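Undergrad: I would like the atomic coordinates for the input below:
(chains A, B, C and D)
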Protein chains: 4
Amino acid sequence: MNQFGNYFRLSIYGESHGVAVGIIIDGVPSGIELVEDDFLTDLSRRKSGPIGTTKRIEEDLPIFISGVFNGRTTGAPLHIQFKNKDIRSEDYKNLKFTPRPGHADFTALRKYNGYNDPRGGGHFSGRLTLPLVAAGVIAKKIVKQIKIVASILEIGGMTDFEKAIDHAIQQNDSIGGIIECVSSDVPIGWGEPFFNSVESLISHLIFSIPAIKGIEFGVGFIAAKMNGSQHNDAIESIDGRTKTNNSGGINGGITNGNELVFRVVVKPTSSIGKIQNTLNFENSKIEALEIIGRHDVCIALRVPVVVEAVTAIALAEFYLTQKVQN
Amino acid sequence: MNQFGNYFRLSIYGESHGVAVGIIIDGVPSGIELVEDDFLTDLSRRKSGPIGTTKRIEEDLPIFISGVFNGRTTGAPLHIQFKNKDIRSEDYKNLKFTPRPGHADFTALRKYNGYNDPRGGGHFSGRLTLPLVAAGVIAKKIVKQIKIVASILEIGGMTDFEKAIDHAIQQNDSIGGIIECVSSDVPIGWGEPFFNSVESLISHLIFSIPAIKGIEFGVGFIAAKMNGSQHNDAIESIDGRTKTNNSGGINGGITNGNELVFRVVVKPTSSIGKIQNTLNFENSKIEALEIIGRHDVCIALRVPVVVEAVTAIALAEFYLTQKVQN
Amino acid sequence: MNQFGNYFRLSIYGESHGVAVGIIIDGVPSGIELVEDDFLTDLSRRKSGPIGTTKRIEEDLPIFISGVFNGRTTGAPLHIQFKNKDIRSEDYKNLKFTPRPGHADFTALRKYNGYNDPRGGGHFSGRLTLPLVAAGVIAKKIVKQIKIVASILEIGGMTDFEKAIDHAIQQNDSIGGIIECVSSDVPIGWGEPFFNSVESLISHLIFSIPAIKGIEFGVGFIAAKMNGSQHNDAIESIDGRTKTNNSGGINGGITNGNELVFRVVVKPTSSIGKIQNTLNFENSKIEALEIIGRHDVCIALRVPVVVEAVTAIALAEFYLTQKVQN
Amino acid sequence: MNQFGNYFRLSIYGESHGVAVGIIIDGVPSGIELVEDDFLTDLSRRKSGPIGTTKRIEEDLPIFISGVFNGRTTGAPLHIQFKNKDIRSEDYKNLKFTPRPGHADFTALRKYNGYNDPRGGGHFSGRLTLPLVAAGVIAKKIVKQIKIVASILEIGGMTDFEKAIDHAIQQNDSIGGIIECVSSDVPIGWGEPFFNSVESLISHLIFSIPAIKGIEFGVGFIAAKMNGSQHNDAIESIDGRTKTNNSGGINGGITNGNELVFRVVVKPTSSIGKIQNTLNFENSKIEALEIIGRHDVCIALRVPVVVEAVTAIALAEFYLTQKVQN
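TA: Numbers count the residues shown, from 1 in each chain, chains lettered A, B, ... in the order given. So this is what the prediction gives:
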């Protein structure tokens, strides 16, 4: 099921080397001002280019296929599409029988009985984060009172990002990182006890972003070493503001009015220049694999805007849910 | 929305001090052998009693309200109910206007405009994990070829659990812990690329368990400090077995046939014996709060079986999904 | 899937001769006044008793299992249960291998591979309309500005109901009927173009009522013989009031502010006193079947309140949907 | 919500005069052979051209945007798009403030607060049946063992269709009709008791087809005048074959192995050449309206293939559901 949401409904589609990737968003209220330019900032933040990111260049221009008329949303399904242009499928010719370590090549092949589109990872490509970012732009408009900021805390274990990148490039290798997302001015009372806690929906979406392998809210894993008297955030004001924010702004799965804080870990990019061993499924022999495709040394550099996007999507879902309940 | 699942559908209900808690499971295939005794082991693992857990004793006997006939599931909605018996609501009398730090008292009050049932946390009670464990028993029967084992790695930062508990009791405080869940013999190809990766569904369910604040798959947050050449798990055999398992058995959100491994952090129990400060919403004054109710010094001790249950639920969902796709 | 609704979510359960039947409603706003007495009128309208209806007498008292506190809805899942009391399972002993003509005995047996509960039709019993009526009571409170009235137009082809019943009883047979439902003061703009038109959701629910085999909106099947110039309802006032109401208050699947009108046909009760032939699946022989159970000569007499209930449920769903969109 | 289905999931989008219309189908098993030519027969049956149908000519060529690779489905979301080409929006310029009687012009305007795309009915256009037919082609491949045939019984109250059309054209008016759909070789046991009976899902989809105002299964409304002893279909063979088929192949909402039979009524096309009165919402005056656009004298002529399509979609949903349950 490649859909998400109950009130703010996403249907994502597309393959890395297909005609296009895109997303249909159902449940967008009518009358929201929307033009292509609204996407430029976030799309450019996701875009490749800077050192340490893939050389694949796409124009990445959003096309409104439906749901927008005279610069406003109509209330009908909003369909945003991105054409695929710069494609070099031959780069991937050799991957069908020699799956790339750390990739979905093998699992996708098995899941779909060999019928999946293997070119560039097909539907499993990081390119699918493009429609996610687009959906995030819409979601941010719906919860515009909330300020959502995701930023990189460290990459390759360092806080000097340029140095970390240089080091990785020298090694012809890749590195991961940690990203923190802070949302301010989140209303009190969003989220559902079972099964749609704020943590549940955010993590559900976060793990739709390729390469993310962990998430923690508030102080996260540190909580395992704290006492209750240290971890409990004491309420100080009638609006729920707490002295500390160890819970990351969530109690019982519901927002408490404080900053909504979580961190995610991005694994090092699976595609590396270094030659690796893998199994050749034609001859069952271990052989050396060289990945020719263009890839990111540190995908984490491009992930913050995607993290913001899925956070906004989760918050839009909660916002619309609250409208029903009140 | 207090429901989960598309193929293995859960509808949970109940309040800590209401008539009963329970769950309806829709989508259970007919003909599965099922008797009350099948629940005893897992329910007793969740049950209170051992040092460091609440003194509240419930019989916790599962009652089949529907969906079972002559010792087998019928294919109709399976409804399992647990009556509430040992209730001391007066313990909670004072909590409506003096929310317990770290609890849902304040958020629930605001979310439901003051109409929520505050007794014992109402719908936000840990008692709701009882129907979760029951659903897990059904799920385990559906994916019986898979071995799911969750165990405690540490509590209160220690591996000597008895010592950690004693220490917390002396301090009249509470502690958290870290739990690891390992699933063996998981078939290859389970999980969906967007938005229902294995990580997405497991984390969605995991964060329905009160007190869990973080989850990481495979090596998790360590990945942020690794290179791709270290993190990539090289495939060694035709059945997808890899040399290492840094990915925790998941590539591109899909199971790869290796052990499915994740860890979660359980925060220290919010309810502690120690007197804490909180805001009195009647007079807007900060005042000392003493929590009289019976509570766990370390809820983490009771969580492993719940973690297993939600893991089984996610795997049952994937199993049924695969049946549709093949 | 025994669930319905996206905003006003129903999970129904129970068997005719099991412990209980009931329904969980998720998405009920908090703070709605609700006591058992609110159900009496509608439940008594559905209840058996009058000539032409089964002699099976149930107290049919609704029990709030969860979601109600101090006489108001809490916002948590609302669970209403009805215990089964007056059960004579032996009446149905002989039905497993000699399916009753017109019943689900055969289809249920095959669908569930023989594991279904056959007693009294099990999950297929008309008794399941009891929780539907209960859900309707809640739904009516949510759309209280709307007046929903369902009434019988004819039974057994006659408008003199007593006469029709007498006639059927003399023949030891059963009869059907036609019911019309008219909803007044329905706001403009409810319903969704694809796939949740007003007709779609109402018919979806209507066909969950046992014995209903057809539905038509406005002039319905007569439209096949009309010209467009006759069928088109001309708008006469700024509030959308039309001169005629051939469309039954719906244009393009959306309410237009006029009366919402539809009719349904209820087939004659399948269980009749008359001896019928059926196939014995043990010996593959056609044999005479006598149905001993207690049944309605004309189930249509009890259906209007159920039709009102599902109409209210559909309208509640649309009402909550509109709250999201505006 | 412009989505349908739980296992065979449709997301429809597009406006009559927008860039394109299309549909994303999620849940299509991988490996199904699929080429553009597979759509030609059904699309041409829906296509305009014959006497009595609109002069608007579209190439209506299906474009696979995603989910197809090397002539087979991949298991990823299948996206089929149809570009809009022959557009004359000016024809509709005058309709925003003078809603066409019998159309969604008024209801759409009010539902979306005036932000809907009014050109050609926007999202409410009959053109949206194009993606429905395309989805039907996929569905038919999934339930290929079933033969689904929809045919016209009468139009304008006549069985001589040419005569009926001529008559309507002379009157510069439009006519409706009745369509019957018969599905053969439907397996036993498809459908769900609550709330997804065969009648529920088929009617839900049928009422997504513009202009349909009623549906009846088996003998339908005639049942109101029959006795149970007449209406009950006696089982004659071990495979469930019945002597009569008054139930239309459905008992208790579940297929019984006999022919699945239903009829629908198509209202006369709302857009007629004849001048009609309507309210001008700018000046609140009743005025004469002349509809210039190109329209069908009898839309019913083009509906059978759409009826087949939605029937196939419902059956595909049930087929996939059964795979989960067994």
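Undergrad: list the residues that contact residue A:68.
TA: Going by Cβ atoms under 8 Å, 6 or more residues apart in numbering or on different chains, residue A:68 touches A:34, A:74, A:78. Every residue, glycine included, has its C-beta placed from N, CA and C.
Undergrad: what's around the second one, how many residues?
TA: Counted with other Cβ atoms under 10 Å in any protein chain shown, the burial measure for residue A:74 works out to 27 neighbours.
Undergrad: residues touching it, list them.
TA: Residue A:74 makes contacts with A:30, A:67-68, D:15, D:112, D:115-117, D:122-123, as judged by Cβ under 8 Å, 6+ apart.
Undergrad: looking at those residues, which one is closest to residue A:222?
TA: Comparing the contacts of residue A:74 against residue A:222 with Cβ to Cβ picks out residue A:67 as the nearest, at 43.8 Å.
Undergrad: can you pull the contacts of that closest one?
TA: Neighbours of residue A:67 in contact, by Cβ under 8 Å, 6+ apart: A:25, A:28, A:73-79, D:13.
Undergrad: if we go to 6 Å?
TA: Residues in contact with residue A:67 (Cβ atoms under 6 Å, 6 or more residues apart in numbering or on different chains) are A:73-74, A:76-79.
Undergrad: what's the closest of those residues to residue D:159?
TA: residue A:76 (38.6 Å).
Undergrad: any idea which helix or strand comes after the helix or strand residue A:165 falls within?
TA: Applying DSSP states H and E as the criterion places residue A:165 in helix A:161-170. Downstream of helix A:161-170, the first helix or strand assigned by DSSP H and E is strand A:177-184.
Undergrad: which residues sit against the helix or strand just after that following strand?
TA: The first helix or strand that comes after strand A:177-184 along the chain, using DSSP H and E, is helix A:198-206. For helix A:198-206, contacts defined as Cβ under 6 Å, 6+ apart pick out A:191, A:212, A:215, A:217, A:250, A:253, A:255, A:264, A:310, A:313-314, B:200, B:203-204, B:207-208.
Undergrad: coming back round to it: next, the buried residues of the helix holding residue A:165.
TA: For helix A:161-170, burial by neighbour count (16 or more other Cβ atoms under 10 Å in any protein chain shown) applies to A:161, A:164-165, A:167-169.
Undergrad: helices or strands up against that helix?
TA: Under the contact definition 3 or more Cβ pairs under 6 Å, 6 or more residues apart in numbering or on different chains; DSSP states H and E, helix A:161-170 sits against no other helix or strand.
Undergrad: model confidence over that helix, on average?
TA: Mean pLDDT, computed over helix A:161-170, is 94.
Undergrad: the lengthiest helix in chain A close to chain C?
TA: In chain A, with assignment by DSSP state H, the single longest helix is helix A:304-325. Yes: residues of helix A:304-325 contacting chain C under Cβ under 6 Å from any Cβ of the partner chain: A:320, A:323-325.
Undergrad: now do that helix and strand A:177-184, the angle between them.
TA: 40 degrees (axes from the mean of the first three to the mean of the last three Cα atoms, to 10 degrees).
Undergrad: kindly export helix A:304-325 (C-alpha atoms) in CSV.
TA: Extracted C-alpha coordinates of helix A:304-325, given in CSV (Å, rounded to 0.1, in the frame of the first residue of the first chain):
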residue,chain,number,x,y,z
PRO,A,304,16.5,17.8,6.4
VAL,A,305,13.9,19.2,4.1
VAL,A,306,12.4,15.7,3.6
VAL,A,307,12.2,15.3,7.4
GLU,A,308,10.4,18.7,7.6
ALA,A,309,8.0,17.6,4.9
VAL,A,310,6.9,14.4,6.5
THR,A,311,6.7,16.2,9.9
ALA,A,312,4.4,18.7,8.2
ILE,A,313,2.4,15.9,6.7
ALA,A,314,1.9,14.3,10.1
LEU,A,315,0.9,17.6,11.6
ALA,A,316,-1.5,18.4,8.8
GLU,A,317,-3.1,15.0,9.4
PHE,A,318,-3.5,15.8,13.1
TYR,A,319,-4.8,19.3,12.4
LEU,A,320,-7.5,18.0,10.1
THR,A,321,-8.3,15.3,12.7
GLN,A,322,-8.8,17.9,15.4
LYS,A,323,-11.2,19.8,13.1
VAL,A,324,-13.4,16.7,13.1
GLN,A,325,-13.3,16.2,16.8
